[in-house]
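Colleague: Sequence plus the predicted model coming up.
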Amino acid sequence: MNVTQLILHRFDPERIHDQSVHFGSFIGKFKSLRWLLEKTFGFENDKLQVSLGNLDFPNPIGLAAGFDKNGEIVPVLQAIGFGFIEVGTVTPMAQPGNPKPRLFRLKTEKAVINRMGFNNNGVDSLVRSLAKVSKRVPVGINLGKNKSTEISKAAMDYVIGIEKAWEVADYFTVNVSSPNTADLRELQGEEFLKPLIDAVVEKREQLKIKTGQYKQIWLKIAPDLENSELEVICKAILESNIDALVISNTTTGRRQLSEKWKSEPGGLSGKPLFELSNNVLEQAGKLLKGNIPLIGVGGISSAEDVKTKMSLGASLVQIYTSLIFEGPGFVKALKKDLLNTQHN
Ligand SMILES: Cc1cc2nc3c(=O)[nH]c(=O)nc-3n(C[C@H](O)[C@H](O)[C@H](O)COP(=O)(O)O)c2cc1C
């Protein structure tokens with residue numbers, strides 16, 4: 001390996017991410033190191049608590065899906081102060097995802113483009129990991145379909161996810177919006193969405209009767225929707241027992257980006273997504289009229305951004321890209337700023 005390759009290799013964003021997860025998984029095994037993390041990054045205040053149905057959140061800042069795909073670092077994520085953690089996306093069978101490179105950091109834009117394609121170790125592995133964790137905040141499992149599953153049979157993959165992960169999940173998110181699995185976003189359309197929702201809700205009812213436990217089901221949608229498409233989604237949700245709508249996943253749009261990145265395929269997250277995801281959040285809020293809780297995701301990089309999402313109707317928020325740029329202390333900083341601005 002020559003020097004250039006070595007540098008590229010060392011600073012390859014996916015490699016950095018994988019190494020962080022390995023490191024986090026190692027740290028998470030030791031009580032003393034978790035304690036140290038918590039001493040450094042932990043910060044809670046009763047004023048930040050939020051309840052949503054049967055779930056209580058110590059604070060409204062959640063980790064968005066895709067960061068801990070296999071549920072390997074939940075103890076560390078708890079220690080750095082997330083109010084809830086969404087692991088996954090997980091699919092019934094393990095799969096490698098798309099060819100590399102597939103993760104790009106856009107430093108100037110404070111954004112990321114990814115086309116990971118649901119690389120994950122499969123739901124059985126995720127369940128084994130989570131079974132070992134002593135949970136202190138709600139842990140949700142984000143579900144997807146395998147690449148090899150035909151779109152017409154996709155509902156079965158989500159049902160398998162719910163059935164297998166039932167015991168270890170506090171809630172499920174049905175992800176129909178990642179742009180990197182061919183056809184997945186079609187599941188948001190009229191033809192597939194209602195049957196998919198009916199199938200997962202029916203499985204939840206069966207398991208509720210069997211176990212006496214209720215698990216919320218959230219639906220995560222794309223920011224690249226026409227009004228008419230959003231209307232279809234909101235109508236389907238109002239007619240069903242979906243517990244919350246997560247808005248949004250990454251965008252396939254490339255507004256405001258330099259030429260260099262315009263043609264890089266994948267989902268764009270971070271700052272350039274903020275306004276777009278807010279527009280969909282606002283629109284969904286109007287259509288749902290407060291009947292379904294909303295989770296605001298996309299481009300959050302300050303407490304002000306969190307408050308903007310909340311003013312548009314979000315009860316909780318999630319972050320991903322800002323964690324990459326700002327590091328683990330960002331969760332504490334956000335919470336402190338949120339509290340300070342609450343007082344003003
Ligand atoms: C590298 C990467 C991988 C992601 N993987 C997933 C995923 O597996 N499932 C999912 O629902 N969202 C995934 N997302 C989307 C995030 O959960 C989130 O919706 C999006 O990044 C917008 O939030 P942000 O601007 O704070 O990053 C991923 C995002 C990134 C950057």
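Modeller: In hand now; what should we look at?
Colleague: Tell me who's in contact with the residue in the stretch 101-250 of the chain positioned nearest to the ligand.
Modeller: At 3.7 Å from the ligand, Asn114 is the closest residue in the stretch 101-250 of the chain, using CB to the nearest ligand atom. Heads up, the C-betas are built off the backbone N, CA and C, glycines and all. Applying CB atoms under 8 Å, 6 or more residues apart in numbering to Asn114 gives the contacts 66, 102-104, 180, 250, 266-267, 269.
Colleague: check those residues against the ligand, which are close?
Modeller: Intersecting the contacts of Asn114 with the contacts of the ligand gives 66, 103, 250, 269 (criterion: CB under 6 Å from any ligand atom).
Colleague: so can I have a markdown table of the contacts of Asn114 showing secondary structure and neighbour count?
Modeller: Below are the contacts of Asn114 laid out as a markdown table (DSSP: H, G, I helix; E, B strand; the rest coil; neighbours: other CB atoms under 10 Å):
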| residue | secondary structure | neighbour count |
| --- | --- | --- |
| Gly66 | coil | 25 |
| Arg102 | coil | 18 |
| Leu103 | strand | 20 |
| Phe104 | strand | 18 |
| Asn180 | coil | 21 |
| Thr250 | coil | 30 |
| Gly266 | coil | 20 |
| Gly267 | strand | 23 |
| Ser269 | strand | 30 |
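Colleague: Dump these into JSON lines; add distance to Asn241 and pLDDT as well.
Modeller: JSON lines is the format used below for the contacts of Asn114 (distance: CB to CB, whole Å; pLDDT from 0 to 100):
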{"residue": "Gly66", "distance to Asn241": "26", "pLDDT": "97"}
{"residue": "Arg102", "distance to Asn241": "36", "pLDDT": "96"}
{"residue": "Leu103", "distance to Asn241": "36", "pLDDT": "93"}
{"residue": "Phe104", "distance to Asn241": "39", "pLDDT": "94"}
{"residue": "Asn180", "distance to Asn241": "29", "pLDDT": "92"}
{"residue": "Thr250", "distance to Asn241": "27", "pLDDT": "97"}
{"residue": "Gly266", "distance to Asn241": "33", "pLDDT": "95"}
{"residue": "Gly267", "distance to Asn241": "28", "pLDDT": "96"}
{"residue": "Ser269", "distance to Asn241": "29", "pLDDT": "97"}
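Colleague: In a markdown table: those, plus distance to Gly53.
Modeller: Putting the contacts of Asn114 into a markdown table (distance: CB to CB, whole Å) gives the following:
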| residue | distance to Gly53 |
| --- | --- |
| Gly66 | 24 |
| Arg102 | 36 |
| Leu103 | 34 |
| Phe104 | 37 |
| Asn180 | 31 |
| Thr250 | 27 |
| Gly266 | 34 |
| Gly267 | 29 |
| Ser269 | 27 |
